[in-house]
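Colleague: task: produce atomic coordinates for the following.
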Amino acid sequence: MNAISIAAIHATILTILISFVSAYGIFKRTRIQEIENEIIDQAEKINLVKFEGSIYFPSNQMEDLNIKENIYQYADEIRDSIGVMPPGKPFEINDSGEIFFSSKEISLEEKSQEAKKALALMNIIFHYYPFPISYKKLKDKRGWDVESPTEYIYFQNVGDVKQWLTDIKRVIKAFNWVFTWLPYAKYNSESLLALNEVEKKKMQNIGPLPIDLRRITPSSILKNYVQGYHSVKTVIKDTEYNLKRFNRLKRDFPKCTFLLSISAIFLTFIIGVMLPMIKPNIDPFFLIWIPILFYIIAFGFIFIKILRG
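Modeller: Numbers count the residues shown, from 1 in each chain. Prediction:
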């Protein structure tokens, strides 16, 4: 068998190989891209979760709050501020960690301030990143404070989603106890009841309110937050599920193995097709067995992928 005949055989085999490997590569890359888009679409559903706002805001400036670093501290403060307390008997914790009830009576106004503190912190935490930013203050041309439109969360790639998942899971974990306890407490505590009472007295001086405003109470706001909390957990769960699919698909499509197969095909083309056409007098043994080695690599890749599905 002469070199030109060998080159023709190699060209036929390579055509088949290139068709298989290229089709597989395009199929896998398309699937990876589809799942990546699904991950981003799923994560961006966080923009559909609405936490009801309240009229209470912390006295601190936003930059002083440092929510990301102090999230567990703020969650503890909120828990303590809306925790169930015996009427007029605030509990305290001594240096040994023992809980005891103070003999000091606290007023209705003091208890209402605790609820305001909790609602103010929640108002900020759940309206800033990693949630859509809806309470960002801007200055107009006259220098007056104006509210900006809601800044929704958008992602460029899976890496952005992974970072966001880390951030939002930290917030949700910090509030697990608070939002698990609230339904059992029927969204009420001494501080919340006190705040409701104080606000009712204020409203009596203002006059009747529209029905939609009368429905908004500290307890109804907290109920909305608990519903939002469960919606956020669903978004996280579904996003992580798609992320696992994405990682599994990438693991089943190792780039190094695919590139090795492409390299083997290219070298086979050089040795088995181009070289015989340039130098027809090359030993046929060299033109046959070297390409066969590369065929084993390329067909091995295809065979393994077929077995794995």
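Colleague: following the helix or strand of the chain with the lowest mean pLDDT, which helix or strand shows up next?
Modeller: None of the helices or strands of the chain scores lower by mean pLDDT, DSSP states H and E than helix 211-214, at a mean of 42. Reading on from helix 211-214 to the C-terminus, the next helix or strand found by DSSP states H and E is helix 218-251.
Colleague: which strands or helices does that next one pack on?
Modeller: In terms of contacts (3 or more CB pairs under 8 Å, 6 or more residues apart in numbering; DSSP states H and E), helix 218-251 is packed against helix 3-43, helix 108-125, helix 158-174, helix 176-184, helix 190-206. Heads up, the C-betas are built off the backbone N, CA and C, glycines and all.
Colleague: domains for the chain, by residue range?
Modeller: Split into domains by automatic domain parsing, the chain comes to 3-44+254-308, 52-234.
Colleague: between the two ends of the longest one, how far is it?
Modeller: The separation between the terminal residues of domain 52-234, taken as CA to CA, to the nearest Å, is 18 Å.
Colleague: thought residue 47 was touching residue 153?
Modeller: Yes - using CB atoms under 8 Å as the test, residue 47 is close enough to residue 153 to be in contact (5.9 Å).
Colleague: which neighbours do the two have in common?
Modeller: Taking CB atoms under 8 Å, 6 or more residues apart in numbering as the criterion, residue 47 and residue 153 both touch residue 132.
Colleague: ok, these two, which is more surrounded?
Modeller: Ranked by neighbour count (other CB atoms under 10 Å), residue 47 and residue 153 place residue 153 first, with 18 against 15.
Colleague: mind listing what the more buried one touches?
Modeller: By CB under 8 Å, 6+ apart, the neighbours of residue 153 are 43-44, 46-47, 129-132, 164.
Colleague: just the buried members of those residues?
Modeller: The neighbour count (16 or more other CB atoms under 10 Å) marks 43-44, 46, 130-132, 164 as buried among those.
Colleague: ok, those residues vs residue 57, which is closest?
Modeller: For the buried ones among the contacts of residue 153, the closest approach to residue 57 (CB to CB) belongs to residue 131, at 16.0 Å.
Colleague: one step back: for the domains of the chain, which has the smallest mean pLDDT value?
Modeller: Lowest mean pLDDT within these: domain 52-234, a mean of 72.
Colleague: which one of the helices and strands packed on helix 218-251 lies nearest to residue 82?
Modeller: Among those, the nearest to residue 82 by CB to CB is helix 108-125 (4.7 Å).
Colleague: so which elements touch that closest one?
Modeller: If contacts are counted by 3+ CB pairs under 8 Å, 6+ apart, helix 108-125 sits against helix 67-81, helix 190-206, helix 218-251.
Colleague: and if we set it to 10 Å?
Modeller: Counting contacts by 3 or more CB pairs under 10 Å, 6 or more residues apart in numbering; DSSP states H and E, helix 108-125 is packed against helix 62-65, helix 67-81, helix 190-206, helix 218-251.
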